[in-house]
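1. next comes the sequence, and after it the predicted model I'd like to discuss.
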Amino acid sequence: MCGALRNTRVRVDPRAPKEGGDVNKRPGNIAGKGHPQRGFLSRLRRPFGRLRDMPIWAKLGLIMIPPVLATLVIGTNGLLDNLDTVTNADRTRVLSQLVKESGTLVDHLQNERAAAVMYLAADNPDLRKGPQTAFAEANKLVDDARQLYTLRRNALLDLDADMRDLLRRIDDGLGGLTGVRSQVIDTKISIADVSTRYHVLVAELLEIREHAAQIAGSTELGDGLRAAAAVAQYKEYLSEQRIVVHHVFDQGAMSPFLNTSFIATETGLQQALEQFKSVASDIDIDTYNGTVTGPDLRKAEKFRGDVGSTAVNNPITSFTAAEWDVAMKDNAALVRRVERTLDEKVESTASALRDAVTSRILVQAGLVAGMLFIAILSAWLVARSMARSLRELRHGALNIAQFGLPQAVARLRDPALSSQMSPVQMANQIAEPLPVRSKDEFGQVAEAFNAVHLEAVRTAAEQAQLRSSVATMFVNLARRSQILVDRLIGHLDRLERGEEDPDRLAELFQLDHLATRMRRNDENLLVLAGADSTRVQREPAALLDVLRAAQSEVEHYTRIEFGIVDRDIEVAAHAVNDLVHCIAELFDNATAFSPPDSSVMVEARRVGDRAVLYVEDRGIGMSPEMLADVNERLASPPQVDVAVSRMMGLVVVARLAARHGVKVELRSSSERGIIADVTLPTAVLVPRALAGRAGAPSREPSIAQAIESRPPVVPTQRPPYAAPLALES
């Protein structure tokens, strides 16, 4: 009924009167003549209607014009902003170089000031010869440092008014050094006046650091400049303290004014050090603590303590002026090393900032060009994607990439397949080509893709065949080496039984232990190659015996201590040898990455129907990221390659654990070191009810019997359980 109604046309007489008035005049009806919306839409469609006849490339060109223009405008504005940043960064870099050279100039000025004071304090011409020579040498060092400072100062451009005024005053002060030096040589200036002249110049040079920190664009750079400024100020207080004590020696006793000045310098030292620690990074603080130390610092602190304990109107008798000057100069040299390190760090940071911004400009310019290229390329790809042949090619390519190629690589992992056919035959059999339905560009692309696909499968086949060959080579080499090592161990056992000399017996035990480690390396190669060990265990063994057998295969076996080990845990016969090997690798790793005087604690508990083994060391530990990576490798053993060969023990543990369903996980210890958790499933354990109930006695000795049958050994030279006899062959 409803379908009939939907398919019936209803005829309406146009002449019939319509309820509610003329329908063409109702709001919302756009079909009526004279309606304003119809005329507007018609005019709007006229220019766009011509686009129907335009080719697809023209349409895409019109679409791409607005985003291209927007990209150019935005990219250009960003580049201009970054150019300003580069200019500021380069100015900061030049300013940091000026700060570095000003620090060198300040250091030499401080030494020149001390030499001038000692020269003026000398009573007669004979005593002034040494200070005069030191003053002349200091003058030369200051002049050399002044040339480098002037070179850096002239490289500064676009400075603010305060900085220009400061540099002008410094230039005036440096220009007046010639007159001050002449007055010192002629002894026409007092010690107080010469100290003041140098103090003003040094203070203005130190003020450069504060201005540089204020105009630095980077927070890290500003903090570095402030830290260096605090160290420089600390050294200036040391220099002022040096001059104050020379005043004391010149006057012959400690005056109240000089005592106050000395206390003020001590306070300044503490404030400068606190300022440094408040703005410096942890690395800079460690640098200061590691540099400003040693006998030079202790000697200077002792002399300063003696000066601080000297009463007013009393002379200093515990040391001479020359000894004081040498001690303070050595102390200042330590601080200068820290100051130079901080200045170099600031300079490198400023250079890195300039280089980073320059690189950012290049990257942004490349991004703008790349965005334009991608936009044009996208328009081209969109036009080509409209063709049916391209859709088919895309569908086929994705199908091969997502399903065909992974399945082909999975089939190539079958060793039987790689041994029966050549790589070319395997590629022709496995690779499924795309259908080629045309001879145009799309058909040629399909043929090229088929060629690439075939080459990829052939390369994967070659890699699979190569891995199989390498694995076979590992097995052959390991088997041959095992035969030789087993023969060597047999000869050593016979020699040990017949040897009565304790020293020679100890050397034989060392050779026996090295041979045991060589056999474990051969077994590592077998595990990496995917082969089984030649040794077979036919009876279960107690977990404690397994642990002791693993201990005997470790070089530092004396450091392995056993804690609580449940006696009722027995390991199934098929898993004994692999567990000994796996646990020995864990023991070797724990002893290798822990201090030689530390011990490795081993405990084993039964938890329900499973058993848990703990191997805890007191080593250097691992970072959380490294622990996560190692545990991931233990959970999913990787393929053998060059990188894996560098961590052979880890891969061997992972493969042996995966072979028997054993879970191995590393975690950080609560104190220090690493704990290896080894969870033994029921598949490798003898049930609790059957533990200790072995069947009929076998002709072959068990692990415990083999251990008991060993002759007595020297405890310091041989572990109490020897791997060659602990495991059956």
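-> Sure thing, it's come through.

2. quick one, helices of the stretch 501-650 of the chain?
-> 502-529, 543-552, 573-592, 624-635, 642-645, 648-660 (DSSP state H, counting those that start in this stretch).

3. and the residue lying closest to Leu120 once chain neighbours are set aside, what does it touch?
-> Nearest residue to Leu120, sequence neighbours excluded (Cβ to Cβ, 6 or more residues apart in numbering): Ile191, at 5.1 Å. Just so you know, the C-beta spots here come from the backbone N, C-alpha and C atoms, and that holds for glycine as well. Ile191 makes contact with Val117, Leu120, Ala121, His246, His247, Asp250 under the criterion Cβ atoms under 8 Å, 6 or more residues apart in numbering.

4. how about low-confidence regions in the stretch 251-400 of the chain?
-> Scanning the stretch 251-400 of the chain for pLDDT under 70 picks out the ranges 379-391, 394.

5. by neighbour count, which of the contacts of Ile191 wins?
-> Neighbour counts for the contacts of Ile191 (other Cβ atoms under 10 Å) peak at Val117, which has 27 neighbours.

6. and the gap between that residue and Gly179?
-> 17 Å (Cβ to Cβ, to the nearest Å).

7. where does the prediction get shaky in the stretch 601-729 of the chain?
-> In the stretch 601-729 of the chain (pLDDT under 70), the answer is 639-647, 688-729.

8. try 80
-> 637-650, 670-671, 688-729 (pLDDT under 80).

9. just the strands in it please.
-> Taking DSSP state E, counting those that start in this stretch as the test, the strands found in the stretch 601-729 of the chain are 610-616, 663-668, 674-680.

10. and the last one with strand 663-668, angle?
-> Spelled out, that is strand 674-680. 160 degrees (axes from the mean of the first three to the mean of the last three Cα atoms, to 10 degrees).

11. which strands border strand 674-680, and is each parallel or antiparallel?
-> Strand 674-680 has its sheet partners listed here by DSSP bridges as strand 610-616 (antiparallel), strand 663-668 (antiparallel).

12. what comes up buried for it?
-> Ile674, Ile675, Ala676, Val678, Leu680 (16 or more other Cβ atoms under 10 Å).

13. what bridges to the fourth one?
-> This means Val678. Using DSSP bridges, the beta-bridge partners of Val678 come out as Leu613, Val664.

14. next, the contact list for it, please.
-> Counted by Cβ under 8 Å, 6+ apart, Val678 has contacts Cys582, Ile583, Leu586, Val612, Leu613, Tyr614, Val615, Ala657, Val662, Lys663, Val664.

15. can we see that at 7 Å?
-> Leu613, Val662, Val664 (Cβ atoms under 7 Å, 6 or more residues apart in numbering).

16. quick check: the gap between the second one and Leu685.
-> So the one you mean is Val662. 10 Å.

17. closest one of the contacts of Ile191 to Ile263?
-> Taking Cβ to Cβ as the measure, Ile263 sits nearest to His247 out of the contacts of Ile191, at 14.0 Å.

18. assign the closest one to helix, strand or coil.
-> helix (DSSP: H, G, I helix; E, B strand; the rest coil).

19. wait, it touches Leu258, no?
-> Yes: between His247 and Leu258 there is a contact at 5.4 Å, judged by Cβ atoms under 7 Å.

20. for the helix or strand hosting Ser195, buried residues please.
-> Using DSSP states H and E, Ser195 maps to helix 191-215. Within helix 191-215, the residues that count as buried by 16+ other Cβ under 10 Å are 191, 194-195, 197-199, 201-202, 204-209, 211-213, 215.

21. over to stretch 244-255?
-> Quick answer for stretch 244-255 (16+ other Cβ under 10 Å): Val244, Val245, His246, His247, Val248, Phe249, Asp250, Met254.

22. got TSV for those, with distance to Asp186 too?
-> What follows is the buried residues of stretch 244-255, written out as TSV (distance: Cβ to Cβ, whole Å):
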residue	distance to Asp186
Val244	24
Val245	25
His246	20
His247	20
Val248	25
Phe249	22
Asp250	18
Met254	29
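
23. measure the residue nearest to Leu120 to Arg128 for me?
-> Relative to Arg128, and taking Cβ to Cβ, Ile191 is found at 14 Å.

24. and what of Ser598?
-> 63 Å.

25. just Ala611 next, same as before
-> With the distance defined as Cβ to Cβ, Ala611 ends up 88 Å from Arg128.

26. of those two, who's got more company?
-> Ala611 (23 against 18).

27. once you drop chain neighbours, what's closest to the more buried one?
-> Leu680 (4.2 Å).

28. tell me the contacts of the one you found?
-> Contacts of Leu680 by Cβ under 7 Å, 6+ apart are Arg610, Ala611, Leu613, Val662.

29. the third one touches Ala604, doesn't it?
-> Yes: using Cβ under 7 Å as the test, Leu613 is close enough to Ala604 to be in contact (4.7 Å).

30. what about Leu297, how many residues close to it?
-> By other Cβ under 10 Å, the burial measure for Leu297, its neighbour count, is 16.

31. and the strand or helix carrying Asn331, what does it pack against?
-> Under the criterion of DSSP H and E, Asn331 resides in helix 321-385. For helix 321-385, the packing partners by 3 or more Cβ pairs under 7 Å, 6 or more residues apart in numbering; DSSP states H and E come out as helix 56-121, helix 219-251, helix 282-291, helix 295-308.

32. what packs against the longest one?
-> Just to be clear, that refers to helix 56-121. helix 129-154, helix 177-185, helix 191-215, helix 219-251, helix 321-385.

33. follow-up on the earlier one: highest mean neighbour count out of the helices and strands packed on helix 321-385?
-> Most buried of the helices and strands packed on helix 321-385 by mean neighbour count (mean count of other Cβ atoms under 10 Å) is helix 219-251; its value is a mean of 22.

34. what packs against it?
-> helix 56-121, helix 191-215, helix 256-279, helix 321-385.

35. now render the ones you listed as CSV, adding distance to Ser239.
-> Below are those laid out as CSV (distance: least, Cβ to Cβ, whole Å):
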stretch, distance to Ser239
helix 56-121, 4
helix 191-215, 8
helix 256-279, 9
helix 321-385, 6
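
36. any idea which of the ones you listed gets closest to Asp172?
-> Nearest of the helices and strands packed on helix 219-251 (Cβ to Cβ): helix 191-215, 9.3 Å.

37. for the closest one, the averaged confidence score.
-> Helix 191-215 carries an average pLDDT of 87.

38. which non-adjacent residue is nearest Ala542?
-> Glu570 (5.5 Å).

39. quick one: the one you found from Glu101, how far?
-> Glu570 is 77 Å from Glu101, by Cβ to Cβ.

40. isn't Gln183 right up against Arg197?
-> No: using Cβ under 7 Å, Gln183 is not in contact with Arg197, being 9.1 Å away.

41. need the contact list for Val279.
-> Contact analysis of Val279 by Cβ under 7 Å, 6+ apart lists Asp223, Arg226, Ala227, Ala230.
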